[in-house]
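Asker: got a predicted structure here, sequence first:
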Amino acid sequence: MDVRILSATHKNLSQLVAEGKFREDLFYRVNVIELRVPCLRERLEDVPELAEAILRRLGRRMKITAPLLSKSALAALVSYAFPGNVRELENVLERAITLSTSGEISASDIQLRPTPGFAVADPPDNGHSTTAAVLGDHLIDIEREAIVKALEKTRYNKTAAAKVLGMSFRALRYRIKKLGIE
């Protein structure tokens, strides 16, 4: 039998091997080809194409003509942080199809949940890179400040801080590491 296994993790396995928290022999068995796929909020320029493909697939599954996204709906999606990654985009679009009363999904059909603790990646450069960079830096500062305040409020209990911020423990741990807070 010829078998190929595809596995995914959000953890740095080579670091875990070095720390003695992951078996080295198992690491070399599963790490034949490593692909790093950035989370959706780090590649928001992919949202329009992904949304279109998801809408086509949902349309086929629901046996309807795939609806189009209005410019305002697309703008809402591209400015959202997607803590739930591509799965969340799929759920948002499926809900939007259900709520849409026409063949076009409007911004009002897109229901995005507030995402405290998640900064949106810098938007694609459209000639305003200085403004985008300043905004991106400002959002990162706000995010860092919110996380630090939540940690201080909970006496550095990350589980409680994640609850205060309305995010998962895993997402908080990722943001802490990415922002260099610890």
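Answerer: Cool, the structure landed.
Asker: for Leu139, pull up the helix or strand it's in.
Answerer: When secondary structure is defined by DSSP states H and E, Leu139 falls within helix 129-153.
Asker: quick one: contacts of the next helix or strand after that helix?
Answerer: Using DSSP H and E, the next helix or strand after helix 129-153 towards the C-terminus is helix 158-165. Outside of helix 158-165, the residues that reach it under the criterion Cβ atoms under 8 Å, 6 or more residues apart in numbering are 116-117, 146-147, 150-151, 153-154, 168-169, 171-173, 176. For the C-beta atoms, the positions are set from N, CA and C on the backbone; glycine is no exception.
Asker: show me the shaky parts of the protein.
Answerer: The model of the chain has pLDDT under 70 over residues 115-137.
Asker: contacting residues for Ser100?
Answerer: Contact criterion Cβ under 8 Å, 6+ apart gives 67, 106, 109 as the residues in contact with Ser100.
Asker: at 10 Å instead, please
Answerer: 67-70, 73, 106, 108-110 (Cβ atoms under 10 Å, 6 or more residues apart in numbering).
Asker: repeat that for Ser70.
Answerer: Neighbours of Ser70 in contact, by Cβ under 10 Å, 6+ apart: 76, 100, 102, 104-110.
Asker: surely Ala51 and Phe82 touch.
Answerer: No: under the contact definition of Cβ atoms under 10 Å, Ala51 does not touch Phe82, with a separation of 11.2 Å.
Asker: let me see the ranges of the strands in this protein.
Answerer: In the chain, the strands defined using DSSP state E lie at 68-69, 104-105.
Asker: mind giving me a markdown table with those strands and columns for distance to Val86?
Answerer: Shown next, in a markdown table, are these (distance: least, Cβ to Cβ, whole Å):
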| stretch | distance to Val86 |
| --- | --- |
| strand 68-69 | 16 |
| strand 104-105 | 17 |
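Asker: and Gly59, how far is that from Ala160?
Answerer: In this view, Gly59 and Ala160 are 43 Å apart by Cβ to Cβ, to the nearest Å.
Asker: no no, Lys178
Answerer: The gap separating Lys178 from Ala160 is 20 Å, by Cβ to Cβ.
Asker: export the contacts of helix 158-165 to a markdown table and tack on neighbour count and distance to Phe27?
Answerer: Formatted as a markdown table, the contacts of helix 158-165 follow (neighbours: other Cβ atoms under 10 Å; distance: Cβ to Cβ, whole Å):
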| residue | neighbour count | distance to Phe27 |
| --- | --- | --- |
| Pro116 | 15 | 35 |
| Gly117 | 22 | 31 |
| Ala146 | 18 | 35 |
| Ile147 | 23 | 31 |
| Ala150 | 23 | 34 |
| Leu151 | 21 | 31 |
| Lys153 | 12 | 38 |
| Thr154 | 16 | 34 |
| Ser168 | 15 | 25 |
| Phe169 | 13 | 24 |
| Ala171 | 19 | 25 |
| Leu172 | 22 | 26 |
| Arg173 | 16 | 21 |
| Ile176 | 19 | 25 |
